[in-house]
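1. predicted coordinates and the sequence they were generated for:
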Amino acid sequence: MTRPTISAMGLILVATISFASCGGYGVTDSPTLSSANPSPAGSLVITRTGGIAGVNDVVQIAADGTAQMTSKSGETHACTPSRTALDQLRAIDLAAVGSAPSKPIPDGFTYEVRSASGTASAGQGDAGIRAELAAAAAAVIASCLDPSGSAAPYE
């Protein structure tokens, strides 16, 4: 097996940098809030990342159920999440779920949910309580994307 020459490795590096700089968002451009800042009591922050298009949606939900959704592009709108989905999400013990998805799937969504009591992550392809967290978070986000309530949850 031959090792690539420096010029071939340089070409790969240039191609990688060029591809990465062709639009999209870097880590610092993300609307995601810092995990070091826990949510105030009664509030939730849901972050959905991944998918084929590379989404990065953040929904900040106040204790009264009102919410604000911010997309990767920085567009923000107010919404009122589905009460049922929100109740299902709030009923999940975030500490029991943990902070890393167990079985992420390619181009699937990953959800991070933060509250005053902790942070948990789950993704498509997870099972058990992680699947419940992903489904509840997806339903909350879907209700914010479609205020009429007619959209099916994104999972």
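-> Alright, I've got the coordinates.
2. just the CA atoms of stretch 58-74, as CSV, please.
-> What follows is stretch 58-74, C-alpha atoms only, in CSV (Å, rounded to 0.1, in the frame of the first residue of the first chain):
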residue,chain,number,x,y,z
VAL,A,58,-33.9,25.9,18.8
VAL,A,59,-37.2,26.2,20.6
GLN,A,60,-37.2,28.1,23.9
ILE,A,61,-40.3,27.3,25.9
ALA,A,62,-41.3,29.4,28.9
ALA,A,63,-43.0,28.0,32.0
ASP,A,64,-46.4,29.2,30.7
GLY,A,65,-46.0,27.2,27.5
THR,A,66,-45.3,30.1,25.1
ALA,A,67,-42.3,29.6,22.9
GLN,A,68,-39.9,31.1,20.4
MET,A,69,-38.4,29.1,17.6
THR,A,70,-35.1,30.0,15.9
SER,A,71,-33.9,28.3,12.8
LYS,A,72,-30.3,27.8,11.5
SER,A,73,-30.7,30.9,9.4
GLY,A,74,-31.5,33.0,12.5
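3. ok, Ala100 - contacts?
-> Residues in contact with Ala100 (Cβ atoms under 8 Å, 6 or more residues apart in numbering) are Ser121. Every residue, glycine included, has its C-beta placed from N, CA and C.
4. pLDDT value on it, please?
-> With respect to pLDDT, Ala100 has a value of 74.
5. repeat that for the one 4 residues further on.
-> The score at Pro104 is 69. That number is its pLDDT.
6. and if you look at Ala41?
-> Ala41 is given a pLDDT of 75.
7. surely it meets Ala62?
-> No: at 10.7 Å, Ala41 does not count as touching Ala62 under the criterion of Cβ atoms under 8 Å.
8. which one of those two is surrounded by more residues?
-> Comparing Ala41 with Ala62 by other Cβ atoms under 10 Å, the one with more neighbours is Ala62, at 13 against 9.
9. contacting residues for the nearest residue to that one once chain neighbours are set aside?
-> Nearest non-adjacent residue to Ala62, counting by Cβ to Cβ, 6 or more residues apart in numbering: Ser43, 5.4 Å away. For Ser43, the contacting residues are Gln60, Ile61, Ala62, Ala63, Ser115, Ala116, by Cβ under 8 Å, 6+ apart.
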